[in-house]
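# next comes the sequence, and after it the predicted model I'd like to discuss.
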Amino acid sequence: MSKSFQSWLYLFSLILIFTFDRLAKHLLLKWSDSIIFYLQASRTELFTTFAELLAEIGDGWIYFLLVILVRNYEGRGKALYYSLFLLAMITVMNQTKIMFHEPRPYFTNDSVIPLKCSQEFGHPSGHSLFASGFASIIFLDYYHSTQTPRPGYYVALITCLLYSFAMALDRLYLAVHSLDHVLIGLALGFWLALFFHQYVRITLLDHVKEIELKTQAVCSCTNKLAGLSIFAYIALFAIQVLTLYVVVMNF
């Protein structure tokens, strides 16, 4: 498969995600009401405790912790790679929420009783996007970055999918998202992980290696890599501020 064809395939798949989301929206909303009300009526203390715990894990702190662990054990290049991926996910989440500015279920239906509350727009689900995206990129990075087979491939694949879909179901159980929100969140997370693995990973890691090899002074090399990391986090913060400004000024 040529690189040109692969690029068009990725673009077409992204267009397909948004097209399906728009065309199937009304049908998904109908199904969503039934699912949310069924889960709402089936709530138990045990399931609710588990759901709230999973929601806390999906809030995002664990992904930043993983980046720190990657920095310690896998080096600067991998840490920068995962940092940029986090930046991309946050950017996509914030910009699509603003672009669609669609309400959460409890914004428009008083019969929906959420177990968590947020004033943010609901489309797409950030928890679902982060769960599918980060689980997938770790899986791809570990199992599809080497020609040498590694044990536990199918166990890891199933774990990746279970975590992603469990997070999506969790958002429905807590009644903080509708079905279309979690599905596009999952789809965008999977798409971003595949895109980064295919088009960003090798280029970025090779660039970091080139800096390390060409730079004789360790201090100079460290400063360049630190500069790239600082830029990524400054950009991340700036995007959050810009998102807040756009929401305050327009909605």
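Perfect, thanks for sending it. Numbering: from 1, shown residues only.
# for the residue most central in space within the chain, give me its contacts.
The residue lying closest to the centre of the chain (C-alpha atoms, centre = their mean) is residue 130, at 2.5 Å. Going by C-beta atoms under 8 Å, 6 or more residues apart in numbering, residue 130 touches 58, 60, 63, 89, 93, 189. C-beta here means a position set from N, CA and C on the backbone, and glycine is covered the same way.
# quick one: mean pLDDT for the helix or strand it falls within?
For residue 130, the enclosing helix or strand under DSSP states H and E is helix 126-143. Mean pLDDT, computed over helix 126-143, is 92.
# got the buried residues for that helix?
Of the residues in helix 126-143, 126-141, 143 count as buried by neighbour count, 16 or more other C-beta atoms under 10 Å.
# helix or strand right after that helix?
Note on helix 126-143: by DSSP H and E, the next helix or strand toward the C-terminus is helix 153-173.
# contacts for that following helix?
32, 35-36, 39, 43, 47, 51, 54-55, 58, 115, 125, 127-128, 131-132, 135-136, 138-139, 142-143, 177-179, 181-183, 185-186, 189-190.
# now for the next helix or strand after that helix, which elements pack on it?
Tracing the chain past helix 153-173, the next element assigned as helix or strand by DSSP H and E is helix 179-195. Contact here means 3 or more C-beta pairs under 8 Å, 6 or more residues apart in numbering; DSSP states H and E; on that basis helix 179-195 packs against helix 3-23, helix 25-41, helix 76-100, helix 126-143, helix 153-173.
# mind redoing it with 6 Å?
Where contact means 3 or more C-beta pairs under 6 Å, 6 or more residues apart in numbering; DSSP states H and E, helix 179-195 is packed against helix 3-23, helix 25-41, helix 126-143, helix 153-173.
# so which of those is the most packed in?
helix 126-143 (a mean of 23; mean count of other C-beta atoms under 10 Å).
# pLDDT weak spots in the stretch 101-250 of the chain?
212-230, 233, 236-237, 240-241, 243-250 (pLDDT under 70).
# ok, the closest residue in space to residue 37 that isn't next to it in sequence to residue 36 distance?
Excluding the flanking residues, the one nearest residue 37 by C-beta to C-beta, 6 or more residues apart in numbering is residue 111, at 7.3 Å. Residue 111 is 9 Å from residue 36, where distance means C-beta to C-beta, to the nearest Å.
# now the helix holding residue 130 against helix 179-195, angle please.
30 degrees (axes from the mean of the first three to the mean of the last three C-alpha atoms, to 10 degrees).
# tell me how far helix 126-143 is from the chain's mean position?
7 Å (C-alpha atoms, centre = their mean, to the nearest Å).
# may I have that helix exported as PDB, CA atoms only?
This file holds the C-alpha atoms of helix 126-143, laid out as PDB (Å, rounded to 0.1, in the frame of the first residue of the first chain):
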ATOM      1  CA  GLY A 126     -13.500  13.700  26.300                       C
ATOM      2  CA  HIS A 127     -13.200  10.600  28.600                       C
ATOM      3  CA  SER A 128     -14.000   8.300  25.700                       C
ATOM      4  CA  LEU A 129     -11.600  10.000  23.400                       C
ATOM      5  CA  PHE A 130      -8.700   9.900  25.900                       C
ATOM      6  CA  ALA A 131      -9.500   6.300  26.900                       C
ATOM      7  CA  SER A 132      -9.500   4.900  23.400                       C
ATOM      8  CA  GLY A 133      -6.600   7.200  22.200                       C
ATOM      9  CA  PHE A 134      -4.200   6.600  25.000                       C
ATOM     10  CA  ALA A 135      -4.900   2.900  25.400                       C
ATOM     11  CA  SER A 136      -4.500   2.500  21.600                       C
ATOM     12  CA  ILE A 137      -1.200   4.400  21.300                       C
ATOM     13  CA  ILE A 138       0.400   2.500  24.100                       C
ATOM     14  CA  PHE A 139      -0.700  -0.800  22.500                       C
ATOM     15  CA  LEU A 140       0.600   0.300  19.000                       C
ATOM     16  CA  ASP A 141       3.800   1.600  20.400                       C
ATOM     17  CA  TYR A 142       4.600  -1.600  22.300                       C
ATOM     18  CA  TYR A 143       3.400  -4.200  19.800                       C
END
